[in-house]
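below are the sequence and a predicted model; questions follow.
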Amino acid sequence: MDVEQTLRERAEVEAEIKGRTLVDWLRHTAEEEGEAPALSDRVGDGWRTLTWAQYRNAALEAAAAFIGAGIGPGEVVALMLPNRSEHLIADMGAVHAGAVPFTVYATFAPEQVAFVAQDCGVRMAVLEGAQELERWRTALDRLESLHTVVLLDPDAVPDAPGDGRRYVSWADFTAEGARLHAAEPGRVEERAAALTPGDNATLLYTSGTTGNPKGVFETHHQVLFQCVITLRANATPHRAVSISYLPMAHIAERVLSAYLPIRVAGHLYFCPELPRLGEYLALVRPHGLFGVPRVWEKLQSGLTAALAAAPEDRRKAVEEASGIARAYMEQGQYGREREPGLAERFAGADAQVLAPIRALIGLDRVVYCVTAAAPMPEETVRFFSGLGVLIRDVYGMTENCGAVTVNRPDRYRFGSVGVPSDGMEVRTAEDGEILVRGPVNASGYHNRPEESAALVDGDGWLHTGDVGSIDEDGFVYVVDRKKELFITSGGENIAPASIESRLKEHPLVGQALAYGDRRPYPVALLTLDPEVAPGWAAARGIEGADPAVLARDPRILEEVGRAVEAANEGLAQVQKVKRWRLLADEWSVESEELTPSLKLKRRVIHRKFADAIDGLYGD
């Protein structure tokens with residue numbers, strides 16, 4: 001690592017954001033780009049759009065409403081809202097009121113909601129409707145500090161709550177804010193002007209793969225620094241178009257949707273739910289797309305099925321063009337040179353075959369495609385490379401406000417999570433744990449002194465809990481979470497994620513979990529991909545689309561067996577999966593096997609499928 005370069009980069013970013021807060025950024029953009037579109041919600045066959053000037057004005061009026069309702073500087077405002085304009089208006093309204101907005105995962109169970117609400121002492125809550133209010137009942141029963149509940153759906157406002165709290169509709173709340181702000185605009189200006197870069201801009205809670213969620217405050221300085229280094233690593237155009245579809249409680253979504261568009265006067269379109277992402281991609285045609293691996297895998301599944309149904313001559317043309325594109329992307333990795341003439345062949349194949357395909361799915365304008373949070377299956381990277389789409393891995397976590405390593409458009413290496421972001425230092429400890437130091441690091445966890453002390457050491461290095469390595473060119477590789485490594489009865493330390501990534505390379509395998517803790521060898525639970533399986537089966541004369549039936553079909557089981565064998569070929573002897581079981585049902589957030597950020601909840605799966613796992617070790 002070039003320390004001098006890192007310090008120079010850090011100084012450049014610090015100079016750019018010196019003394020600034022999100023309030024300053026939004027004011028500047030509203031003044032300079034006031035008529036540019038900012039936020040768009042789908043309404044019928046059209047869009048309802050707010051300009052940057054309208055967005056800021058709405059945030060100021062919301063701030064006046066928060067202040068009028070009694071919210072004080074530094075107090076926490078909880079949000080449980082879908083991805084829509086009102087979410088960001090409430091968020092930035094709370095910021096301008098000097099409060100700390102906190103988006104709660106809408107999939108949290110009532111007990112989890114109550115835990116996080118009590119942990120941070122929520123004073124106000126802005127919820128979508130009756131379902132969300134019901135999810136908050138446990139918290140409301142326990143939390144005396146929460147004095148006001150705002151509901152987006154006016155029909156969900158209780159007629160006679162009887163608990164001493166104020167319940168009000170969003171329309172009435174913001175109308176009151178507009179009246180208050182018009183009468184006394186100085187109240188909001190005074191609160192906003194008092195903010196400093198060291199004040200908290202938001203609060204996030206980890207999604208809880210193990211134990212209770214942990215709270216992490218992110219300051220204005222952290223947020224602005226993260227936005228700037230993200231822009232320095234990507235070719236994000238001014239007024240970039242993007243889609244908001246992941247939970248705003250996720251640090252990546254918060255940076256990319258709530259904060260970064262302010263800096264570039266971007267146009268943010270809201271997609272209300274993940275299953276509709278493909279539909280919205282075609283409508284919006286974003287300049288960039290972030291997705292955890294599961295998102296890219298689902299897009300791959302849909303595209304694979306569509307391409308399989310194309311005429312044979314068309315499929316052959318796509319396969320030929322894809323081969324050229326994959327070679328172009330593969331040879332473009334850092335430290336390699338592309339063979340003579342490859343760039344020209346790629347340009348021709350792209351223009352004639354691949355670009356029209358990308359246009360059909362809404363990826364024709366993308367200048368960056370990014371993934372994080374879990375290992376990306378090599379086959380998924382190869383698939384999109386074959387469409388002329390380079391998906392670049394980055395690495396980071398809630399505890400450092402987003403990405404701290406990044407594969408850049410001109411400096412990437414497949415299998416790695418890139419090199420340190422500008423101004424950040426990354427190294428590994430003796431046991432292989434990845435350590436990070438720099439301005440985006442959190443100081444610790446809220447109300448967790450012992451865990452905070454373990455998170456950041458005396459020299460300022462944040463202990464990520466991930467095991468990995470760094471090559472001679474500075475590229476970082478993540479093996480797995482330290483806590484998720486399992487040790488076989490033979491004493492071998494094994495990272496399940498590396499096995500799972502291999503298993504998911506076959507399109508029939510939707511999800512995979514490898515297991516082997518204190519057992520003689522690794523085994524795997526696999527789920528059938530519900531989008532790919534019916535088409536694959538129909539093409540081979542297998543009738544029906546019921547996953548439960550398909551998961552028992554001998555021909556599908558034989559093919560999945562071949563997929564496991566293929567995965568084993570790329571694994572060390574101690575990593576090879578000896579036995580496996582195919583499950584019919586996908587794991588999901590709703591069925592509790594996945595976190596809201598679509599990571600495996602290993603303990604939940606181990607518990608729910610304990611009999612199946614035990615059966616794989618039977619005689």
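Okay, I see it. Numbering: from 1, shown residues only.

need the strands for the stretch 451-600 of the chain, in chain order.
For the stretch 451-600 of the chain, applying DSSP state E, counting those that start in this stretch gives strands covering 462-470, 476-481, 486-487, 493-494, 509-515, 523-528, 579-583.

report the angle between the axes of the first one and strand 476-481?
For strand 462-470 against strand 476-481, the angle between stretch directions is 120 degrees (axes from the mean of the first three to the mean of the last three CA atoms, to 10 degrees).

off-centre distance for strand 462-470?
Between the centre of strand 462-470 and the centre of its chain there are 19 Å (CA atoms, centre = their mean, to the nearest Å).

check which helices and strands that strand sits against.
strand 425-428, strand 433-437, helix 449-455, strand 476-481 (3 or more CB pairs under 8 Å, 6 or more residues apart in numbering; DSSP states H and E). Yep, even glycine has a C-beta here, placed from its N, CA and C like the rest.

now the strands of the stretch 451-600 of the chain as JSON lines including mean neighbour count and distance to A38?
JSON lines is the format used below for these (neighbours: other CB atoms under 10 Å; distance: least, CB to CB, whole Å):
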{"stretch": "strand 462-470", "mean neighbour count": "19", "distance to A38": "33"}
{"stretch": "strand 476-481", "mean neighbour count": "21", "distance to A38": "35"}
{"stretch": "strand 486-487", "mean neighbour count": "16", "distance to A38": "47"}
{"stretch": "strand 493-494", "mean neighbour count": "18", "distance to A38": "48"}
{"stretch": "strand 509-515", "mean neighbour count": "25", "distance to A38": "37"}
{"stretch": "strand 523-528", "mean neighbour count": "24", "distance to A38": "39"}
{"stretch": "strand 579-583", "mean neighbour count": "18", "distance to A38": "44"}
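
can you put the helices and strands packed on strand 462-470 in a markdown table and add mean pLDDT?
Formatted as a markdown table, these follow (pLDDT from 0 to 100):
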| stretch | mean pLDDT |
| --- | --- |
| strand 425-428 | 97 |
| strand 433-437 | 96 |
| helix 449-455 | 93 |
| strand 476-481 | 88 |
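
for these, which one sits closest to P275?
Proximity of these to P275 was assessed by CB to CB; the nearest stretch is strand 476-481, lying at 27.9 Å.

so what touches that closest one?
375, 395, 405, 415-420, 426, 432, 434, 465-471, 495-498 (CB atoms under 8 Å, 6 or more residues apart in numbering).

pull the distance from it to the chain's centre.
18 Å.

now swap in stretch 446-465 and tell me
Chain-centre distance of stretch 446-465: 23 Å, with CA atoms, centre = their mean.

repeat for stretch 125-132
Offset of stretch 125-132 from its chain centre (CA atoms, centre = their mean): 23 Å.

report the buried residues of it.
Across stretch 125-132, burial judged by 16 or more other CB atoms under 10 Å covers A125, V126, L127, E128, G129, E132.

what of stretch 260-272?
L260, P261, I262, R263, V264, A265, G266, H267, L268, Y269, F270, C271.

JSON lines please, covering those and showing secondary structure.
Output for the buried residues of stretch 260-272, formatted as JSON lines (DSSP: H, G, I helix; E, B strand; the rest coil):
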{"residue": "L260", "secondary structure": "helix"}
{"residue": "P261", "secondary structure": "helix"}
{"residue": "I262", "secondary structure": "helix"}
{"residue": "R263", "secondary structure": "helix"}
{"residue": "V264", "secondary structure": "helix"}
{"residue": "A265", "secondary structure": "coil"}
{"residue": "G266", "secondary structure": "coil"}
{"residue": "H267", "secondary structure": "strand"}
{"residue": "L268", "secondary structure": "strand"}
{"residue": "Y269", "secondary structure": "strand"}
{"residue": "F270", "secondary structure": "strand"}
{"residue": "C271", "secondary structure": "coil"}
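
closest to L7 among those?
Nearest to L7 among the buried residues of stretch 260-272, with distances taken as CB to CB, is R263, at 23.2 Å.

could you tell me how many residues sit around the residue lying closest to the closest one once chain neighbours are set aside?
The shortest distance from R263 to any non-neighbouring residue, by CB to CB, 6 or more residues apart in numbering, is to C227 (5.4 Å). By the measure other CB atoms under 10 Å, the count of residues near C227 is 24.

now L571
Count around L571 with other CB under 10 Å applied: 17.

for it, give me its contacts.
L571 touches S498, I499, R502, V577, counting by CB under 8 Å, 6+ apart.

so which of those residues are in helices?
With DSSP state H as the criterion, helices contain S498, I499, R502 from among the contacts of L571.

give me the buried entries from those.
Buried among these by 16+ other CB under 10 Å: S498, I499, R502.

elements contacting whichever helix in the chain runs longest?
The longest helix of the chain (DSSP H) is helix 312-331. Using 3+ CB pairs under 8 Å, 6+ apart, the elements in contact with helix 312-331 are helix 293-308, helix 342-349, helix 378-385.

CA atoms only for the second one - export them in PDB, please.
In PDB, the C-alpha atoms belonging to helix 342-349 read as follows (Å, rounded to 0.1, in the frame of the first residue of the first chain):
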ATOM      1  CA  LEU A 342     -10.100  -8.000 -29.800                       C
ATOM      2  CA  ALA A 343     -11.300  -4.500 -29.000                       C
ATOM      3  CA  GLU A 344     -12.500  -4.100 -32.600                       C
ATOM      4  CA  ARG A 345     -14.200  -7.500 -32.600                       C
ATOM      5  CA  PHE A 346     -15.900  -6.700 -29.400                       C
ATOM      6  CA  ALA A 347     -17.100  -3.300 -30.700                       C
ATOM      7  CA  GLY A 348     -18.700  -5.000 -33.700                       C
ATOM      8  CA  ALA A 349     -20.300  -7.800 -31.700                       C
END
